[in-house]
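*Asks:* Okay, sequence plus prediction incoming.
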Amino acid sequence: MTEPLPNIIDLTFRDLQNTMVSMGEPSFRAGQIHQWLFSHQAKSFEEMTILSRELRKKLTETFSISPLQLIEHKETSEEGEQSPTEKILLKLPDNEMIESVLIAADERMTACVSSQVGCPLQCPFCASGRMGLRRNLSAGEITGQVFALNNMIAAKKPGNTLTNIVFMGMGEPLLNIDNVFEAIENLSSRNYRFCLSRKKITISTVGVIPGIQRLAESGMKVKLAVSLHAAEQQKRESIMPLAAHQYPLKELGKSLADYTAMVGMPVTVVYMLLRGINDSLEDAKMLARFANNFLCKINLIDYNSIINVKFKPVYSATRDMFQNYLLNSGLHVTVRKSYGSTINAACGQLATTSMENRNNH
Ligand code: SF4
């Protein structure tokens, strides 16, 4: 059986430049090929008429262009919302699956995208974590994922386009940082047609300290959200053992203070309320102490149950108490509505369908 040709979108820009040079071409051809891949979404090298016939033939013999394939699409409408939340299952060329979510709210169309297949940090409340890490997505695959979502919404209504991207799907984006950075470059660069402002892109992390430092130094100016879920080391380790142990709270607090001082933008501290675990007045006090050390806003979210997991969402009176304490401490607090829980598209629920799918096959 012949091996499939490597997918050209898996090459980084630097690799593609080197490949061009090794094919006897100038390195700027890499930019022309990326133009065709990312602005025109070319499906074959034959379309790339700016390249010589000879180079197109050579590329066709050496590489494939394999886009992500739509496998499944589910919708749910939340009470009071005009547009449904949509969960999309996409197949990668090696048959791995990823999930992405489209959320329409307040005039925005947000794509919640995956950066890894599964996740190595294995937070027990999270369906992606329960898969373990299967592999990183390439920059081209992340870019292709966003294009697939954008094409879907444009097909429904011409002119419709994504307004925001959050790296909050499957995986920890700062553990696949090079590919995530290159994907952001592809999606925000003026060189390509999509060209979304970086202010509309959010990286959501569990607090990968080296990644936060690199993000600050990169000058990327995207938004940063940190899933905290507890402001006391031991409790955090009981909720998210690997992440909390590897990136201790004290160092994380310092790194967030350095980050905000360097980039001058607030961090969103995401705190998922878990009944009887991190929802007491004492927990609120510890969170206020932690968050008052750097520029931030706090986003309280409800837990969305996934199968076989012990955590439960809090009662609304507890949430109100928690929020009021933080507000009275001078913090900026929002309670985030959870979209898509009925189709397992809410935070911590991605991967359920793809796991089911894999098992079914
Ligand atoms: S919550 Fe985030 S970091 Fe934790 S397992 Fe899930 S995807 Fe990974």
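*Replies:* Arrived safely, thanks for sending. Numbering: from 1, shown residues only.
*Asks:* Give me the three-state assignment for Ser43.
*Replies:* Slight slip there: residue 43 is Lys, not Ser. Classification of Lys43 by DSSP: H, G, I helix; E, B strand; the rest coil places it in coil.
*Asks:* pLDDT wise, what is it at?
*Replies:* Listed pLDDT for Lys43 reads 95.
*Asks:* Next: the one 3 residues further on.
*Replies:* Residue-level confidence at Glu46 comes out at 97, pLDDT.
*Asks:* and it, how many residues sit next to it?
*Replies:* 13 (other CB atoms under 10 Å). C-beta here means a position set from N, CA and C on the backbone, and glycine is covered the same way.
*Asks:* Just to check, it is in contact with Thr60?
*Replies:* Yes - with contacts counted by CB atoms under 8 Å, Glu46 reaches Thr60, the gap being 7.3 Å.
*Asks:* Could I get the contacting residues of the residue of the chain found nearest the ligand?
*Replies:* Distances between the chain and the ligand by CB to the nearest ligand atom are smallest at Gly129, namely 2.6 Å. Going by CB atoms under 8 Å, 6 or more residues apart in numbering, Gly129 touches 118-119, 121-123.
*Asks:* Spatially, which two of those residues are the most separated?
*Replies:* Gly118 and Cys123 (11.9 Å; CB to CB).
*Asks:* Work out for me the element Ala317 sits within.
*Replies:* Using DSSP states H and E, Ala317 sits within helix 316-328.
*Asks:* actually Asn179, sorry about that
*Replies:* helix 177-188.
*Asks:* who's in contact with that helix?
*Replies:* Residues contacting helix 177-188 (CB under 8 Å, 6+ apart): 12-13, 34, 38, 115, 136-140, 142-143, 146, 165, 167, 173-174, 192, 194-198, 201, 203, 211, 214-215, 218, 220, 222.
*Asks:* what do you get if the cut-off is 6 Å, keeping everything else the same?
*Replies:* Residues outside helix 177-188 that contact it (CB atoms under 6 Å, 6 or more residues apart in numbering): 12, 38, 115, 138-139, 142-143, 146, 173, 194, 196, 198, 201, 211.
*Asks:* Counting only helices, which of those make the cut?
*Replies:* Residues from the contacts of helix 177-188 lying in helices, with DSSP state H as the criterion: 139, 142-143, 146, 211.
*Asks:* which SS class is the closest residue to Arg29 other than its chain neighbours?
*Replies:* Distances taken as CB to CB, 6 or more residues apart in numbering put Met20 closest to Arg29, at 4.4 Å, once the chain neighbours are dropped. Judged by three-state DSSP, the three-state class of Met20 is helix.
*Asks:* Report the secondary structure state of Leu162.
*Replies:* Assigned by three-state DSSP, the conformation of Leu162 is coil.
*Asks:* The stretch 151-300 of the chain: helices as residue ranges?
*Replies:* Ranges of helices within the stretch 151-300 of the chain are 177-188, 209-218, 233-239, 241-246, 249-263, 281-291, based on DSSP state H, counting those that start in this stretch.
*Asks:* name the helices or strands packed onto the shortest one?
*Replies:* Okay, so that is helix 241-246. helix 233-239 (3 or more CB pairs under 6 Å, 6 or more residues apart in numbering; DSSP states H and E).
*Asks:* I'd like to know how many residues surround the residue nearest to Val263 when sequence neighbours are not counted.
*Replies:* Of all residues beyond its chain neighbours, the one nearest Val263 is Ala216 (5.7 Å), with distances taken as CB to CB, 6+ apart. By other CB under 10 Å, 19 other residues sit near Ala216.
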